[in-house]
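Q: The sequence and its predicted three-dimensional model are supplied below.
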Amino acid sequence: MGKTWNAGFINMTISMEETSSENVSDTVEGWSPEDWFDRPGEEDHTLLLILRSLSLVFSVIGLVGNGIVLWFLFFRIHSNPFTVYILNLALADFTVLLSSFITLLYVFVHPPGEVTSTVARNVLLTLRIFNIFGFNTSLYLLTAISLERCLSVYHPIWYKCRRPQHQSVIVCMLLWALSCLMTGSEFFLCDEKMYAFEDYQCAAALITSFGFGFIILAPIMVISSLTLLCKICSSSRQHQSPKLFIVISITVVVFLKVTIPPRLLDILLYFKVISPGIISFFSANHAGMICSTINGCVDPFIYVFVGGLWKHRGKNPIHRALHTVFKNETSIIAHEEPSQIRTLS
């Protein structure tokens, strides 16, 4: 589903500057790109500039934040099953933000009306693929994280004693592979021309991507997170603040609230459930762009906020905040079934 804003944003921002002569050859059955992707009126330029600027700012903030998380998880914090997932999630977000940042930077420095070179187009095409790839991977990883944390609470003996040692690494590798497969299918079955002419292959790819991500995986995330919170709230023997589980719940809620509306809007506009006259594809794609960058930059702030950054004074407060969140990965699990786990251990 990242294809929609990328296809629209890259092509409408750059290609539409060159359409005066190219539209004649691209026109099929009376259609031209400007008929489908509404060119914004003069009154929209300020708003679009603000959205692009905010997206660029969020991209920079997110790159710094996820870079810090990657640094600490690689070199400063002892690895455990949970941090392996967070490391991969930060890498996926970093991929989304980096591709968005370079694309936005090009848009700002590209002189209006200047023809885009073939090399530049290929680079933008590659960036678009990486953006879709990173978004899909983030979605799959969040589902795996929430589901496994739920299992760890309801089946603590299995998690503590029988869980495969390298399960997190194996699951992450499989999810990256699945994301590669889904991204490749979405990209090659729905290029810009197919998207514009509502080709049946493109429609099938969009429906499959949206259905798998937000009809199958999103409910799993929600149910797992709610179940996890109910279990924690009902535990009368809890002594420690469940920071790990709070992080998961907040991250899932933010992801769903930020990503579902623009993706759903893309689908409704594509199938013309919502008339393009109400909101143009151009505006919808820019809204999706800023939501994508917000989602990518928010996770590091969740980690340090829940970890109590303001409580840690002196040297390395960020490291201490992250360590507070990630160090107690099994504390609540061990507290739920202490005698049984000690016996089996």
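A: Structure received.

Q: how about the helices in the stretch 1-150 of the chain?
A: For the stretch 1-150 of the chain, the helices defined by DSSP state H, counting those that start in this stretch occupy 2-14, 19-26, 33-36, 45-75, 81-109, 118-154.

Q: Redo those as CSV? Include mean neighbour count and mean pLDDT.
A: Placement of C-beta: from N, CA and C, glycine included. What follows is the helices of the stretch 1-150 of the chain, written out as CSV (neighbours: other CB atoms under 10 Å; pLDDT from 0 to 100):
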stretch, mean neighbour count, mean pLDDT
helix 2-14, 24, 49
helix 19-26, 11, 40
helix 33-36, 15, 36
helix 45-75, 17, 90
helix 81-109, 21, 92
helix 118-154, 20, 89
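
Q: Turn those into CSV, columns for distance to V304.
A: As requested, these are exported to CSV (distance: least, CB to CB, whole Å):
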stretch, distance to V304
helix 2-14, 27
helix 19-26, 46
helix 33-36, 43
helix 45-75, 9
helix 81-109, 13
helix 118-154, 18
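
Q: Tell me which of those sits nearest to Q165.
A: helix 81-109 (9.0 Å; CB to CB).

Q: and the closest one, what does it pack onto?
A: Helix 81-109 sits against helix 2-14, helix 45-75, helix 118-154, helix 167-189, helix 281-306, helix 317-327, with contacts defined as 3 or more CB pairs under 8 Å, 6 or more residues apart in numbering; DSSP states H and E.

Q: mind putting the ones you listed in a markdown table, distance to Y106 included?
A: A markdown table is the format used below for the helices and strands packed on helix 81-109 (distance: least, CB to CB, whole Å):
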| stretch | distance to Y106 |
| --- | --- |
| helix 2-14 | 8 |
| helix 45-75 | 11 |
| helix 118-154 | 7 |
| helix 167-189 | 20 |
| helix 281-306 | 14 |
| helix 317-327 | 31 |
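
Q: between those, which one is nearest to I215?
A: Between I215 and the helices and strands packed on helix 81-109, the shortest gap by CB to CB is with helix 118-154, which sits at 12.2 Å.

Q: tell me the angle that closest one makes with helix 281-306.
A: Per axes from the mean of the first three to the mean of the last three CA atoms, to 10 degrees, the angle that helix 118-154 makes with helix 281-306 is 40 degrees.

Q: Work out the gap between helix 118-154 and the centre of the chain.
A: Remark: helix 118-154 is offset 6 Å from the chain centroid, using CA atoms, centre = their mean, to the nearest Å.

Q: Check stretch 199-212 too.
A: For stretch 199-212, the distance to the chain centre is 19 Å (CA atoms, centre = their mean).

Q: Can you list the buried residues in that stretch?
A: 202-203, 205-206, 209-210, 212 (16 or more other CB atoms under 10 Å).

Q: Go through those residues and flag which are in strands.
A: Among the buried residues of stretch 199-212, DSSP state E puts none in strands.

Q: Just send the residues you listed back as TSV, with pLDDT and distance to V298 too.
A: Below are the buried residues of stretch 199-212 laid out as TSV (pLDDT from 0 to 100; distance: CB to CB, whole Å):
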residue	pLDDT	distance to V298
C202	81	31
A203	80	32
A205	83	28
L206	82	26
S209	85	23
F210	85	22
F212	91	23
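
Q: Just give me the closest of these to L63.
A: S209 (25.6 Å).

Q: isn't that closest one right up against M182?
A: Yes: contact status for S209 versus M182: in contact at 6.5 Å, counting by CB atoms under 8 Å.

Q: which neighbours do these two share?
A: Residues within reach of S209 and of M182 at once, by CB atoms under 8 Å, 6 or more residues apart in numbering, are N136.

Q: wait, isn't L147 in contact with P219?
A: No: under the criterion of CB under 8 Å, L147 makes no contact with P219, lying 11.3 Å away.

Q: could you list every residue that touches the residue lying closest to I145 once chain neighbours are set aside?
A: For I145, ignoring the flanking residues on the chain, the nearest one in space by CB to CB, 6 or more residues apart in numbering is Y85 at 4.8 Å. Shown in contact with Y85 (CB under 8 Å, 6+ apart): 141, 144-145, 148, 168, 171-172.

Q: So for F326, what's the nearest residue that isn't a sequence neighbour?
A: T83 is the one closest to F326 (CB to CB, 6+ apart), at 5.2 Å.

Q: how near is that neighbour to R76?
A: Separation of T83 from R76 (CB to CB, to the nearest Å): 11 Å.

Q: swap in L189?
A: On the measure of CB to CB, L189 and R76 end up 42 Å apart.

Q: and what of V304?
A: 14 Å.

Q: more neighbours, the two?
A: Higher neighbour count among V304 and R76: V304, with 22 against 12, using other CB atoms under 10 Å.

Q: so what pLDDT did the more buried one get?
A: As predicted, V304 sits at a pLDDT of 87.

Q: got it, and R263?
A: 83.
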